[in-house]
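Enquirer: need a 3D model of the following:
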Amino acid sequence: MKIAVVGTGYVGLVTGTCFAEVGIDVTCIDIDQKKIDNLNKGILPIYEPGLEEMVSRNVEKGRLHFSTNLAEGIKGADVAFIAVGTPPGEDGSADLKYVLAVARGIGENMNNYGVIVTKSTVPVGTAAKVHAEIVQALAKRGENIDFDVASNPEFLKEGAAIDDFLKPDRIVVGVASERAEEVMRRLYKPFLVNGHPIIFMDIPSAEMTKYAANSMLATKISFMNDIANLCEIMGADVNMVRLGIGSDARIGNKFIYPGIGYGGSCFPKDVKALIKTASENGYDMQVLQAVESVNDKQKSVLFNKVKKHFGGNLKGKKIAMWGLSFKPKTDDMREAPSLVLIDKLIDAGCTVTGYDPVAMREAEHMIGNKIAYAKDQFEALIDADALLIVTEWPEFRSPNFDVIARLMKDRVIFDGRNIYEAQELKEAGFAYHCIGIRTDHHEPA
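Expert: Residues are numbered from 1 along each chain as shown. Alright, predicted model coming up:
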């Protein structure tokens, strides 16, 4: 088979590369010439474990190609994926201008039957708009080429995207014809040999499935953060509560870790978009509105703890921040809690020195010289009044607390991810604050 993937961002690049990995001829297309030039040199626009090696291997094997030429890339393609961004508009709705522009371009250039697949996260009804754009473009050409539109939402976790694609929990495909179903079944056949299920459904249901999945996960996170805040007030230990409820198979132990709010490119955007879609259709998504509200407040929880510890006066305090990306194993800082924290700390008169294993370049791109950047996690601690754990990178989990104590001006740790044990920190002479556990009685004398 031959496929085209339009868009070389996170979803498009992972999708195209993984299809090439199983032997399919893939052309990834983007309008950004510099990005395509870099990809042809082996320079990736994103960090994802294992992806750079996989891209290089498949380019070398002649299965993976990068181009700015949509006309060439689409010709002869059995399947064309639309994998461009759907950024949130000011009102929270998904902006479909890039998706529809690609659909128009496909209609202007296709020369054979193919299945046009929306891989981008798009609201219910988008496939119909894509279909209309292609029909209109074909009509302008005076062509009557048969095609199908399908929806194939992605369920990729940043930091584990390759495994998620090659060994999926499920593959969801929305189709409107038996012909399109047969093409998509043939395309995904290499991923089904180990029993991974492919679920065919109508297109609107497939479009809704993506939003429902991300919104459910976001709901679990906000619910647990709400419980954590109440635990702290009441004197309960949220880590014990998490173990107690996570052993219930109906609840499960995933996405119930308390913290300082969710971020990234999916959850915030998709929750907003689903709320907006419902509103446009006369329905009020009360649960998701609460999920969003809790998450917004949760991003300030660590700052409030810092402010309380220092008696409300943070002017001149030097803060060390470990972790800048919204989660480990990615350099993605979109909607990251660190961004809210940094702004609040600086507004309060603090200076901030940050360190992240992979997101330093992205941080400099997004926030510039608002903060200082350390070359390693320990340099960030020199003369610091407090250490904030913002992202739970593995290398932060078992540091040498004796070294930390010697480097810091004051032995204070604010753990936004609950990766340390309060008793261990107390014995090491630290004041320790975390999420969902009342730690005032752990203050050192």
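Enquirer: okay, strands next: where are they in this structure?
Expert: Along the chain, counting by DSSP state E, strands occupy 2-6, 25-29, 64-67, 79-82, 115-118, 148-151, 171-174, 198-201, 318-322, 351-355, 372-373, 386-389, 412-415, 431-433.
Enquirer: using a markdown table, lay out these together with mean neighbour count.
Expert: Where C-beta positions appear, they are placed from N, C-alpha and C, glycine not excepted. Listed next are those as a markdown table, based on neighbours: other CB atoms under 10 Å:
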| stretch | mean neighbour count |
| --- | --- |
| strand 2-6 | 25 |
| strand 25-29 | 25 |
| strand 64-67 | 21 |
| strand 79-82 | 28 |
| strand 115-118 | 28 |
| strand 148-151 | 25 |
| strand 171-174 | 23 |
| strand 198-201 | 15 |
| strand 318-322 | 26 |
| strand 351-355 | 21 |
| strand 372-373 | 16 |
| strand 386-389 | 26 |
| strand 412-415 | 24 |
| strand 431-433 | 22 |
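Enquirer: possible to save those as CSV with mean pLDDT and distance to Y257?
Expert: Shown next, in CSV, are the strands of the chain (pLDDT from 0 to 100; distance: least, CB to CB, whole Å):
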stretch, mean pLDDT, distance to Y257
strand 2-6, 97, 33
strand 25-29, 97, 35
strand 64-67, 97, 36
strand 79-82, 98, 33
strand 115-118, 98, 32
strand 148-151, 98, 31
strand 171-174, 97, 26
strand 198-201, 97, 28
strand 318-322, 98, 17
strand 351-355, 98, 22
strand 372-373, 98, 27
strand 386-389, 98, 13
strand 412-415, 98, 12
strand 431-433, 97, 17
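Enquirer: contacts only, for A380.
Expert: By CB atoms under 8 Å, 6 or more residues apart in numbering, the residues touching A380 are 320-322, 353-355, 374.
Enquirer: wait, F81
Expert: 3-7, 12, 15-16, 117, 119, 152.
Enquirer: what's the end-to-end length of stretch 290-308?
Expert: One end of stretch 290-308 sits 26 Å from the other (CA to CA, to the nearest Å).
Enquirer: mind putting the strands of the chain in TSV, distance to I43 included?
Expert: Formatted as TSV, the strands of the chain follow (distance: least, CB to CB, whole Å):
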stretch	distance to I43
strand 2-6	18
strand 25-29	14
strand 64-67	11
strand 79-82	22
strand 115-118	27
strand 148-151	32
strand 171-174	30
strand 198-201	34
strand 318-322	28
strand 351-355	24
strand 372-373	22
strand 386-389	31
strand 412-415	36
strand 431-433	41
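Enquirer: measure T15 to K315 for me?
Expert: Counting by CB to CB, to the nearest Å, the gap from T15 to K315 is 49 Å.
Enquirer: and these two? which has more neighbours close in?
Expert: T15 (25 against 8; other CB atoms under 10 Å).
Enquirer: okay, the contacts of F81 in CSV with distance to V271 next?
Expert: Output for the contacts of F81, formatted as CSV (distance: CB to CB, whole Å):
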residue, distance to V271
I3, 31
A4, 31
V5, 26
V6, 26
G7, 22
G12, 23
T15, 23
G16, 28
V117, 24
K119, 20
N152, 21
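Enquirer: pick the one among these closest to G107.
Expert: Of all the contacts of F81, V6 has the smallest distance to G107: 12.6 Å, by CB to CB.
Enquirer: beta partners for the closest one?
Expert: I29, I82 (DSSP bridges).
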